[in-house]
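**Q** What shape does this take:
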Amino acid sequence: MAPFLTAALRCAPILMSCCTIGVSTAAPSADTHAIARFDRAVAAGLPRTIPVPTRAALSRGSDPTGLLVVESHLDIGVRFTDGASGDMYLATWQGEPAVVTRSGDHLDITVAHHDGISVTGFDGDSDAAHVIESTDGNAGMDAANPTFATHAQRRSDIAGGNPAALPPRTTNQHPTLTFWMFLHDDTLDLDRKHIHARYVAWWIADMAKILPTRKLWAIYSQQVEGVTDITYGSETSLRDWTTAIDLYERRNKLPRVPGKFEYKFMLVTNGEPMPGITGVAWLGGDEAIASLSGRYTIVAHEYGHTLAAMHDDAEVRWSSLWPCETNLISGTVALRSNCYRYSTKNERNMRVHIAREWTVPVERHPHGIPLFCK
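**A** The predicted structure follows:
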């Protein structure tokens, strides 16, 4: 791992967390275990087709294997709350586009369907697949009028880190954009790797296509005093979260190098961050809150706002005779599915924002510009 990221991660307390969903069986041999097959195939070079067991096939008593075609490795860094690093891959699973996350003793295959997300996973002590299939109902929506922070309100006075921990200043070093997710204490009973597989994996894989000149990281932290235990659920939740993470960043001197190394912070909660909504963010800012009671697009929606994606530039697309909503749709309709993509306009908004915020000097909270705009 890059030394500057190691310095940042030292600030995050690590608590061991493991995947607990699965079928309890005797530990499989290294020759037959799905994870061992995957690792051997990837080491041999990509693309590669891997036969792995499927719970559905086993339950029918038919062919117990499905075909996973691993196409390419994604240049995305992942660090979970237990300290395990993750690797991500573009793949095809049972003929459908998929994203694979491999970390520690765990393997998850994420497939986005028109009506929800399915995850086929494996852990180290069983070769049987555990499958999570959930429809994506209209559990809630983002604020119809999101909270805005203009470009000029971005922080420019964050304390820098140790220069020795910063990324090397080489011409081939991609700028780093870190999506740091702090899991609120009220989510402790939820599997961390499955939060990633359901809400984040498909999205950050798409972000790698949208921002190809950026090295992306997804970092998860939990049980951070004064950060993951804050009270939320009121009109001041976003302001309170911004204050908490600002203090955390200053106290730990997280390294920021404009044009080289930046963060976007999210508080991931179980309940609604504000009455009646499931997400809130600063438009073009660095902080957001997303509730797991929202749709599977909630993390994409709120992080999109921090990158200047807007409701007005979202769209409804028609494909295969069924309409789908792009990630920034505000008023969702239950009869429409998710596209699990941003609109073309919002992809452009995010690229323009990234290029601008790292090249234009800014002043934090200038006089006369309100923190909250309707």
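
**Q** For the protein, which segments are assigned as helices?
**A** 3-9, 34-43, 55-60, 192-195, 201-210, 237-251, 298-306, 344-357 (DSSP state H).

**Q** In TSV, list the ones you listed along with mean pLDDT.
**A** Compiled in TSV, these are given as follows (pLDDT from 0 to 100):
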stretch	mean pLDDT
helix 3-9	49
helix 34-43	95
helix 55-60	47
helix 192-195	96
helix 201-210	98
helix 237-251	96
helix 298-306	96
helix 344-357	92
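
**Q** looking at these, which is buried most?
**A** Mean neighbour count (mean count of other CB atoms under 10 Å) peaks for helix 298-306 among these, with a mean of 27. The way it works is simple: take the backbone N, C-alpha and C, and place the C-beta from them, glycine included.

**Q** Report all helices and strands that it contacts.
**A** Applying 3 or more CB pairs under 8 Å, 6 or more residues apart in numbering; DSSP states H and E, one finds that helix 298-306 makes contact with helix 201-210, strand 261-269, strand 279-281, strand 287-291.

**Q** Next, the angle from it to strand 261-269.
**A** With axes from the mean of the first three to the mean of the last three CA atoms, to 10 degrees applied, the angle from helix 298-306 to strand 261-269 works out at 140 degrees.

**Q** C-alpha coordinates for helix 298-306, PDB please?
**A** C-alpha atoms of helix 298-306 as PDB (Å, rounded to 0.1, in the frame of the first residue of the first chain):
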ATOM      1  CA  ILE A 298     -28.100   5.700  -1.800                       C
ATOM      2  CA  VAL A 299     -24.300   5.700  -1.500                       C
ATOM      3  CA  ALA A 300     -24.000   6.500  -5.200                       C
ATOM      4  CA  HIS A 301     -26.600   9.300  -4.900                       C
ATOM      5  CA  GLU A 302     -25.000  11.100  -1.900                       C
ATOM      6  CA  TYR A 303     -21.400  10.700  -3.100                       C
ATOM      7  CA  GLY A 304     -22.600  11.900  -6.500                       C
ATOM      8  CA  HIS A 305     -23.700  15.200  -4.800                       C
ATOM      9  CA  THR A 306     -20.300  15.700  -3.300                       C
END
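
**Q** Give me the residues contacting that helix.
**A** With CB atoms under 8 Å, 6 or more residues apart in numbering as the test, helix 298-306 has contacts from 142, 146, 179, 181, 199-200, 203, 206, 264, 266, 268, 278-292, 294-295, 327-328, 340, 342, 346, 350.

**Q** Figure out how far that helix is from the centre of its chain.
**A** 9 Å (CA atoms, centre = their mean, to the nearest Å).

**Q** Grab the nearest non-local neighbour of V316.
**A** The shortest distance from V316 to any residue other than its chain neighbours is 5.2 Å, reached at P323 (CB to CB, 6 or more residues apart in numbering).

**Q** Please apply the same query to D186.
**A** N270 (4.3 Å).

**Q** Next, the contact list for the nearest residue to E96 once chain neighbours are set aside, please.
**A** Nearest non-adjacent residue to E96, counting by CB to CB, 6+ apart: V111, 5.1 Å away. Shown in contact with V111 (CB under 8 Å, 6+ apart): W93, Q94, E96, P97, A98, I117, S118, V119, T120.

**Q** buried subset of the residues you listed?
**A** W93, Q94, A98, I117, S118, V119, T120 (16 or more other CB atoms under 10 Å).
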